[in-house]
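In: Task: produce atomic coordinates for the following.
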Amino acid sequence: MFDAALKQCGVIRVECLDELFDAAEIFSKVTRVKNENLLILTNGGGLGVITVDSCAKRGIRLAQLSESSISQLSTLLPGHANVGNPLDIIGDADAKRFEHSLRIVLRDKNVGMVLVIVTPQSMTEIVETAEVIIKLVKSAKKPIITNFIGKERRMKIAQELLNDSGIPNFEFPEMAINAIRMLTTYNDYLNLGKAKPRMLGFDKSRVANIISNVKSQGRNTLTLEEGFQVLNAFNIRLPPQIFSNKLEEHIEFFKTHGSVVLKVDSHQVLHKTDTGMVSKRIDTEDELKAEFSRLYNFAAGQLKGFKICAQVFVKGVELIVGGLRDAIFGPVVSVGIGGILTEIIRDIGFRVAPISDDEAEAMLKQLKGYKLLRGFRNMPPVKIPQIVEMLHVLSTLLLEIEEITEIEVNPLIAGEHQSLPVDILIKLS
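Out: From the prediction side, this is the model:
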């Protein structure tokens, strides 16, 4: 949560002094990046591959050269050069080859910035290559970041020239990529800063009446039915469901809607799965009768004022969407993959409320399981806007209703055609 709050404010957090100096190196010499696609140009193929791996680990986007650039480079470079990304111009490259290659990639619209990695081989014109970069950077409208590797005399001269010309240079490729990641992270923050946080309109008096009724009964937890009534105040679409202790009403509901899930609704039951108070998918009337009997008798021996909820079975990706009132940061919202398995998977993102649509989508994109939402193998993509809307609902509730201390929609089932909340927990102060 602390990291999320810092990120929202545009703070770049470093783990050690080395990273601090790397951050100072790049931010003092590069301001903004219009296009975050990185092109790696090197005379050392092995280092190029290592650098690509480092990009993948840190989420750096690699540029894909245009057909025109590939054609020009193929004509320019030796036949065994790797014309791609990394662009390996081979170990015998002189300053002129560096210059011609750089000119081509800098003109490519797909390339947003270039990392030039120079290794000190016997035929490498180290100082002359630095001078080429200094010349080109004056007219280039794209950042050129360098990695002149080594401590020999020629390398030190080149590094001093680059430094005096305001061109960032790093000792090793991993350090350069880490610095570029800091740069793109801050760039993302500046882009998000243009979007305004969004608050939703809702029936505030209706929510206030629900909460007043709960507190008048000496409770600080809403039932599932009351939680869904709160969501109704935002006109959030809910799965078809009934709350009743009459078996015949459940049978009629099943005949109308098909497969269902049964669960016990009580303010005393916070986690239904842990206590065995929710059924698996029910596909037949006999299963319905058996599960209703089991849940009703089980709850009757422990609870007062409970109801049995029958809910249409919803298929999709399970998410948890939550919110709480943090002692330091105030209202905070979260979203994660896994539903009831979130604590095990630990794939969750936080933001301090209120948030914009862009920030809500950024929360989803930072999840390891985001690919599940965009469509994976035979799974279709899900309705992202409805997940974003739910984050705004929780954000608005925490900001507008002071009595609410915690909200958890778990799970929110994200599907191809709709994303529906199937359970909700709301706690009051």
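
In: drop to CA atoms for contacts and neighbour counts, all remaining ones
Out: OK.

In: Mind telling me which residue is nearest the centre of the protein?
Out: When the chain is reduced to its mean C-alpha position, the closest residue under Cα atoms, centre = their mean turns out to be residue 366, at 1.8 Å.

In: Tell me which residues touch it, please.
Out: Under the criterion of Cα atoms under 8 Å, 6 or more residues apart in numbering, the contact partners of residue 366 comprise residue 349.

In: Could you give me the buried positions within the helix or strand of the chain with the lowest mean pLDDT?
Out: Across the helices and strands of the chain, mean confidence by mean pLDDT, DSSP states H and E is lowest for helix 342-345: a mean of 75. The neighbour-count check on helix 342-345 (16 or more other Cα atoms under 10 Å) flags residue 342 as buried.

In: now swap in stretch 116-134 and tell me
Out: Burial within stretch 116-134, assessed by neighbour count using 16+ other Cα under 10 Å, is assigned to 116-120, 124-134.

In: for the record, mean pLDDT for that stretch?
Out: The average pLDDT for stretch 116-134 rounds to 95.

In: Dump it to CSV, keeping only the CA atoms.
Out: Extracted C-alpha coordinates of stretch 116-134, given in CSV (Å, rounded to 0.1, in the frame of the first residue of the first chain):
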residue,chain,number,x,y,z
VAL,A,116,23.8,2.0,-27.3
ILE,A,117,26.0,-0.7,-25.8
VAL,A,118,29.6,-0.5,-26.8
THR,A,119,32.1,-3.2,-25.9
PRO,A,120,35.9,-2.6,-26.1
GLN,A,121,37.1,-4.9,-28.9
SER,A,122,40.4,-4.5,-30.7
MET,A,123,38.9,-2.8,-33.7
THR,A,124,36.3,-0.7,-31.8
GLU,A,125,36.7,3.1,-32.3
ILE,A,126,35.6,3.9,-28.8
VAL,A,127,36.2,7.7,-28.6
GLU,A,128,35.1,8.2,-32.2
THR,A,129,31.8,6.3,-31.5
ALA,A,130,31.2,8.5,-28.5
GLU,A,131,31.7,11.6,-30.6
VAL,A,132,29.2,10.2,-33.2
ILE,A,133,26.6,9.8,-30.5
ILE,A,134,27.2,13.3,-29.2
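
In: And the contacts of it?
Out: By Cα under 8 Å, 6+ apart, the list of residues contacting stretch 116-134 reads 40-44, 47-48, 91-96, 98-99, 144-150, 154-155, 157-159, 161-162, 165, 167, 173.

In: 7 Å instead?
Out: With contacts defined as Cα atoms under 7 Å, 6 or more residues apart in numbering, stretch 116-134 is touched by 40-44, 91-95, 98-99, 145-149, 154-155, 157-158, 162, 165.

In: ok, now stretch 383-397?
Out: By Cα under 7 Å, 6+ apart, the surrounding residues in contact with stretch 383-397 are 199-200, 321, 323, 333, 353-354, 357, 360-361, 407, 414-419.

In: In strands, which of those residues appear?
Out: The subset of the contacts of stretch 383-397 located in strands under the criterion DSSP state E comprises 321, 323, 333, 407, 414, 419.

In: dump the residue contacts of residue 26.
Out: 168, 179.

In: Wait, a helix at it?
Out: Yes: the assignment for residue 26, made by DSSP: H, G, I helix; E, B strand; the rest coil, places it in a helix.

In: Find me the pLDDT at it, would you?
Out: According to the model, residue 26 scores 96 on pLDDT.

In: try residue 340
Out: So residue 340 comes in at 68 (pLDDT).

In: Find the residue ranges of the stretch 101-250 of the chain scoring beneath the pLDDT cut-off.
Out: Low-confidence regions of the stretch 101-250 of the chain, defined here as pLDDT under 70, cover residues 193.

In: can you tell me which residues contact the residue nearest to residue 406 when sequence neighbours are not counted?
Out: By the measure of Cα to Cα, 6 or more residues apart in numbering, the closest residue to residue 406 outside its immediate chain neighbours is residue 324, 4.2 Å from it. Residue 324 makes contacts with 331-333, 405-407, as judged by Cα under 7 Å, 6+ apart.

In: Can you tell me which of the residues you listed is nearest residue 370?
Out: Residue 370 has its nearest neighbour among these in residue 333, at 17.5 Å by Cα to Cα.

In: so the closest one makes contact with residue 322?
Out: Yes: in this structure, residue 333 sits in contact with residue 322. The criterion is Cα atoms under 7 Å, and the distance is 5.6 Å.

In: So for the two, which residue has more residues nearby?
Out: Neighbours around residue 333 and residue 322, counted as other Cα atoms under 10 Å, are more numerous at residue 333. The numbers are 29 against 24.
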